[in-house]
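Visitor: What follows is a predicted protein model with its sequence.
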Amino acid sequence: MSSLKFVSVVLFAVLFVCLCHGETGQRNYDSVERMVKLLDVEEDFIESANEYLAREKIRLGDLEKYLTEETRKLKVAKKDPVKYLSSPINAFLLIKKLYDGWTAVGQTNAHNSKVNYEEYFREFSLQNAENRTNMDDMIGSTTALDYIVGTYNLSADDIAAGYMNNRKAHERLTDRELYWVAASFYERRDLYNANKFLETLYNRLNDSDISDMEERDIDLRYMELVSPLHVMDLHAWTHYMRGNLMEAKKLSQYILDKSDEFWHVEKNIDHYTELIMVQAGKKQPYSHLPFYRQNYTTTVGDREVLDGLCNGAPEVDPEHERRLRCFVKDFNIPRMILKPAKIEVLHYAPTIVMFYNVTSSTEAEQLTKAAEEPLINSYKLLREQWVDRVWSGGWYYADDDPIVEVVNDRIADYTGFNTDAKSAEPLLVKNYGLSGVNEPQYDHANTLRQQYLASEGQRMATFHLFLSDVDGGAMIFPEANVYIPNTKNAGVYYRNYVNETIIDFRVMRAECPVTYGNKWTATKYLMLTNNQLPMKCGLKPPRATLREIQKKAKKDAASKKKADKLKNDMATKNEKESETSDEPVKRKTATKSKSQ
């Protein structure tokens, strides 16, 4: 029972006793001596009321401190909203607070308060239902945070201290906020990361040297029912769910020794002991859940392969690397003579090329500004907020804004393909949300049904523009083992077809999670329609096959030359041996002739 409820019960009990005494006892007004005793009752009422007032002042003082801190954070956020929400932790906590965080504040302060704060918050939420976060936002933000922490194996201690991948990205997390992150991972059954954050929180709660102890007590007492033992209890349970029975039993025994408040812990210990005995007898590990983060795989392969690519440039075959090169080229276009394209060949077969300085910073800003208002107003909006894609984008034609036409013409100059409305899809401008992850996928239609639905023709090639600087957010090609860092104003060009008739299934691309920043990109899909002439007609083998044929022919020629040389050497050797064996016969014949 909380202290506020206890005071209420005391006041009610005193009042009830006094009223009952007045109804069932003797009359008090007919004797001064009896009325003197009523002063003692009056004194009890005043003392109880003063105690209630003192506790109420503490409650309102704590609430005032909390609101003052939240107001300060809001001012920081409003000063530069994009920078503030560039931190995944800040974005996650904002969604969490608007989902159920303020409801918890209302429930806490509804006790013994004449103002029905909880009812007020509920009414306010109904009035702002469209802008308030919902369950989908909560699930999506937790999943996004899981992608970031899991992909880059970030430290829970660093995130709690305000760092994200060696960058100071947000303020130091309060205990309540750290508990929210850990609990969210637990609810998603990401027990590996839940364990990491619970351990960090437990160590912090047990650290007596932390200077903000008073604020931490307020934060925990009024916002969440959390104590070191509560955290340890949840920590023990996550160990059990992962199959770490000895650790779960050890933590549970520590809780039982410290407090008898956790009545279920004793039963848990008995259960763990029994399972340990079963495990020892059967000689096989026990796991309550068959799935957790470390065994997670996608539909395209092992998660570890994708995470490995996202963490840096992979090793390249030396023979293949020698063929990669950088150069400038004007493509015989007069307007490109003074500003030729800066090109880096990243991979052959499949063809993946990087163009630098495709747009200027001003042009990139103009393109994002042109897309911002439609995104906010949900006009021309295409939302993709699934587990595997987190972005909002819109399709833009050349007549929507002059900058779109400029970008289309530049892509046409660089690729040699038509980019008009009949030959390419509109420019897709995307703004990525929390994590900005994009799981591996093909740009072309890779099933008969998708090809049937692709009424405008297949996506023959893709030109992908980076419009902003972010931490993380690289583009990767798992099948080709290619890593491309997010480079502002640069463009990535890759062919989805080997030629007009053969789809290149090696061009599977993905985008890594963003650890900090506001990611913008623009994508142009070039169609087969009206672009057949620049493509190979398909009557000849594809380039990859030609190279293989040439390499095989060269190898066969070398083998044949070596075999011929060996044959000639053997023939020469045999002739010499033959001449050596015939020489004594000739010499003997010559001697006989001379004697005759």
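Guide: The structure has been received and is ready for your questions.

Visitor: Remind me which helix or strand the closest residue to Ile476 other than its chain neighbours belongs to.
Guide: Among residues not flanking Ile476 along the chain, Leu309 sits closest, at 4.3 Å (CB to CB, 6 or more residues apart in numbering). All C-beta spots, glycine's among them, are computed from the backbone N, C-alpha and C. Using DSSP states H and E, Leu309 falls within helix 303-310.

Visitor: next structured bit after that helix?
Guide: Next element after helix 303-310 (DSSP H and E): helix 318-321.

Visitor: contact partners of that next one?
Guide: Residues outside helix 318-321 that contact it (CB atoms under 8 Å, 6 or more residues apart in numbering): His347, Tyr348.

Visitor: Run the chain-centre distance for it.
Guide: 32 Å (CA atoms, centre = their mean, to the nearest Å).

Visitor: now that helix: mean pLDDT?
Guide: Summarised as a single mean, pLDDT over helix 318-321 is 81.

Visitor: what's the next helix or strand after it packed up against?
Guide: Next helix or strand after helix 318-321 toward the C-terminus (DSSP H and E): strand 326-329. On a contact count with 3 or more CB pairs under 8 Å, 6 or more residues apart in numbering; DSSP states H and E, strand 326-329 meets strand 341-347.

Visitor: same for the strand it packs on, what does it pack against?
Guide: Using 3+ CB pairs under 8 Å, 6+ apart: strand 341-347 touches strand 326-329, strand 352-356, strand 482-484.

Visitor: name the helices or strands packed onto the shortest one?
Guide: In this structure, strand 482-484 makes packing contacts with strand 341-347, strand 352-356, strand 475-477, judged by 3+ CB pairs under 8 Å, 6+ apart.

Visitor: Give the pairing partners of it; include direction for each.
Guide: strand 475-477 (antiparallel) (DSSP bridges).

Visitor: Same question for the first one.
Guide: For strand 326-329, sheet partners with direction are given as strand 341-347 (antiparallel), following DSSP bridges.

Visitor: Give me the angle between the strand it pairs with and strand 352-356.
Guide: In terms of direction (axes from the mean of the first three to the mean of the last three CA atoms, to 10 degrees), strand 341-347 departs from strand 352-356 by 150 degrees.

Visitor: What is the distance between strand 341-347 and the centre of its chain?
Guide: Offset of strand 341-347 from its chain centre (CA atoms, centre = their mean): 29 Å.

Visitor: what's the closest of the helices and strands packed on strand 341-347 to Glu47?
Guide: Closest to Glu47 of the helices and strands packed on strand 341-347 is strand 482-484 (CB to CB; 72.0 Å).

Visitor: thought Leu428 was touching Ala522?
Guide: Yes - the pair Leu428 / Ala522 is scored as a contact, 6.8 Å apart, by CB atoms under 8 Å.

Visitor: out of these two, which sits in the more crowded spot?
Guide: Using other CB atoms under 10 Å as the criterion, Leu428 and Ala522 rank with Ala522 on top: 26 against 18.

Visitor: Quick check: end-to-end length of stretch 486-506?
Guide: End-to-end distance for stretch 486-506: 21 Å, by CA to CA, to the nearest Å.

Visitor: before we move on, what about stretch 495-502?
Guide: One end of stretch 495-502 to the other measures 11 Å (CA to CA).

Visitor: tell me which residues in it are buried?
Guide: Across stretch 495-502, burial judged by 16 or more other CB atoms under 10 Å covers Arg495, Asn496, Tyr497, Val498, Asn499, Glu500.

Visitor: Check which residues of stretch 515-529 are buried.
Guide: The neighbour-count check on stretch 515-529 (16+ other CB under 10 Å) flags 515-528 as buried.

Visitor: ok, of these, which one's closest to Ala490?
Guide: Thr521 (10.8 Å).

Visitor: ok but that closest one is inside a strand, no?
Guide: Yes - Thr521 forms part of a strand when assessed by DSSP: H, G, I helix; E, B strand; the rest coil.

Visitor: and it, what is it in contact with?
Guide: Val429, Lys430, Tyr432, His464, Leu465, Phe466, Leu467.

Visitor: Output the residues you listed as a markdown table; include the columns secondary structure and neighbour count.
Guide: Shown next, in a markdown table, are the contacts of Thr521 (DSSP: H, G, I helix; E, B strand; the rest coil; neighbours: other CB atoms under 10 Å):
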| residue | secondary structure | neighbour count |
| --- | --- | --- |
| Val429 | strand | 27 |
| Lys430 | strand | 24 |
| Tyr432 | strand | 24 |
| His464 | strand | 21 |
| Leu465 | strand | 25 |
| Phe466 | strand | 25 |
| Leu467 | coil | 26 |
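
Visitor: got those residues as JSON lines, with distance to Arg34 and pLDDT columns?
Guide: Output for the contacts of Thr521, formatted as JSON lines (distance: CB to CB, whole Å; pLDDT from 0 to 100):
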{"residue": "Val429", "distance to Arg34": "86", "pLDDT": "92"}
{"residue": "Lys430", "distance to Arg34": "84", "pLDDT": "91"}
{"residue": "Tyr432", "distance to Arg34": "79", "pLDDT": "89"}
{"residue": "His464", "distance to Arg34": "92", "pLDDT": "97"}
{"residue": "Leu465", "distance to Arg34": "92", "pLDDT": "97"}
{"residue": "Phe466", "distance to Arg34": "89", "pLDDT": "97"}
{"residue": "Leu467", "distance to Arg34": "87", "pLDDT": "96"}
